[in-house]
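1. Sequence first, then the predicted structure:
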Amino acid sequence: MDWRAFAQQMASMARKLLAQSSVEDTLKSITSAATDLVEGCDAAGILILHGRQVQTVAATDQLVTDSDQLQERLGEGPCFDAARRREGERVFRIADFTHEEPRWPAYAPQARDLGVGSMMGFLLYTDDEELGALNVYSRKPGSFTDASEIAGWLLASHAAVAFSSARTHAQMEQAVATRHAIGEAMGILMGSHHLTEDQAFDVLRRFSQENNIKLREVARRVCEQGGL
């Protein structure tokens with residue numbers, strides 16, 4: 001492993017991640033970087049858990065999606081475990097799927113049938129939040145070395161910060177857009193029904209609660225239709 005060249009690639013990748021315009025683009029850049037930077041990696045993806053439901057994002061190959069769906073169906077697997085923060089267990093490496101894997105006895109043989117030879121999973125986390133897992137796959141057994149694991153861990157560390165930053169930025173943009181829409185909707189109601197600001201907001205709030213519709217969606221309807 002040429003660590004000097006790797007460091008230069010990581011620096012370039014970090015700048016590229018921060019330049020992305022959306023969470024989706026950031027995640028695609030992360031998985032694309034994994035196939036370039038992690039020795040032996042044929043495919044990569046990010047798994048996000050919602051309870052026991054799996055969301056696969058930015059998969060570079062159908063193999064990733066198939067593996068994640070298999071783990072969701074079986075309720076076990078290395079990506080599942082990597083996405084759950086366990087003290088001292090933030091990296092999973094399965095060197096050879098042609099051998100029995102006692103940790104995931106149902107998943108391992110079926111993953112082999114999918115074409116998985118070896119894989120690694122890295123928890124994506126910051127001090128404030130857990131974000132999911134970066135998973136890298138090889139179709140060949142024994143493809144991942146200690147150097148591959150170090151490279152994957154370093155990539156995952158950078159990726160977690162970029163992912164968190166992109167998601168925070170997206171949430172802030174959505175919050176600003178929501179406040180703007182609510183303000184515009186209140187103005188429409190105030191003008192058409194001669195309401196005060198507080199009364200207009202109360203109309204929006206009550207309609208949202210009574211119809212189980214998010215407040216931003218109620219505001220959008222008012223803006224589009226000119227009223228409720």
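-> Now that the structure is in, tell me what you want to look at.
2. you'd agree Phe201 is up against Ala185?
-> No - under the criterion of CB atoms under 8 Å, Phe201 makes no contact with Ala185, lying 9.1 Å away. For glycine as for every other residue, the C-beta is placed from the backbone atoms N, C-alpha and C.
3. Compare these two (neighbour count), which wins?
-> Ala185 (26 against 18; other CB atoms under 10 Å).
4. That one sits in which helix or strand?
-> Taking DSSP states H and E as the criterion, Ala185 maps to helix 146-193.
5. State the next helix or strand along the chain beyond that helix.
-> Assigned by DSSP H and E, the successor of helix 146-193 is helix 197-211.
6. Give me the residues contacting that following helix.
-> Identification of contacts with helix 197-211 by CB atoms under 8 Å, 6 or more residues apart in numbering yields 182, 185-187, 189-190, 193, 195, 213-215, 217-219, 222, 228.
7. what does the domain assignment say about this protein?
-> Domains of the chain are assigned by automatic domain parsing as 3-168, 172-225.
8. can you list the weak-confidence ranges in this structure?
-> Applying pLDDT under 70 to the chain flags residues 84-89, 126-130, 165-173.
9. all strands for it, in order.
-> Under the criterion DSSP state E, strands of the chain are mapped to 43-50, 53-57, 91-94, 118-125, 130-138.
10. Go through the contacts of helix 197-211 and name the one nearest Trp153.
-> Lys214 (38.6 Å; CB to CB).
11. Apart from its neighbours in sequence, what residue is nearest the closest one?
-> Distances taken as CB to CB, 6 or more residues apart in numbering place Ser208 nearest to Lys214, at 6.7 Å, with adjacent residues excluded.
12. can you check Cys41 too?
-> Distance criterion CB to CB, 6+ apart; nearest residue to Cys41, sequence neighbours excluded, is Val136 at 4.5 Å.
13. show me what contacts the one you found?
-> 34-35, 38, 41, 43-44, 119-122, 144, 152.
14. One more pass at 6 Å, please.
-> 34, 38, 41, 44, 120, 152 (CB atoms under 6 Å, 6 or more residues apart in numbering).
15. okay, now the closest residue to Gly40 other than its chain neighbours: neighbour count?
-> The spatially closest residue to Gly40, leaving aside those adjacent along the chain, is Ser143, at 3.4 Å (CB to CB, 6+ apart). Ser143 has 21 neighbours, counted by other CB under 10 Å.
16. how close does Ser143 get to Ala34?
-> Counting by CB to CB, to the nearest Å, the gap from Ser143 to Ala34 is 13 Å.
17. same deal with Ala108?
-> Distance from Ala108 to Ala34, by CB to CB: 22 Å.
18. got it, and Cys41?
-> For Cys41, the distance to Ala34 - CB to CB - is 6 Å.
19. what's next to stretch 217-228, contact-wise?
-> Stretch 217-228 is contacted from outside by 181-182, 184-185, 188, 204, 207-208, using CB under 6 Å, 6+ apart.
20. Give me the ChimeraX select line for those, limited to the buried ones.
-> Here is the ChimeraX command that selects only those of the contacts of stretch 217-228 that count as buried (16 or more other CB atoms under 10 Å):
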select :181,182,185,188,204,207,208
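21. And the contacts of stretch 217-228, which is closest to Asp81?
-> Using CB to CB, the contacts of stretch 217-228 come closest to Asp81 at Ser208, 39.1 Å.
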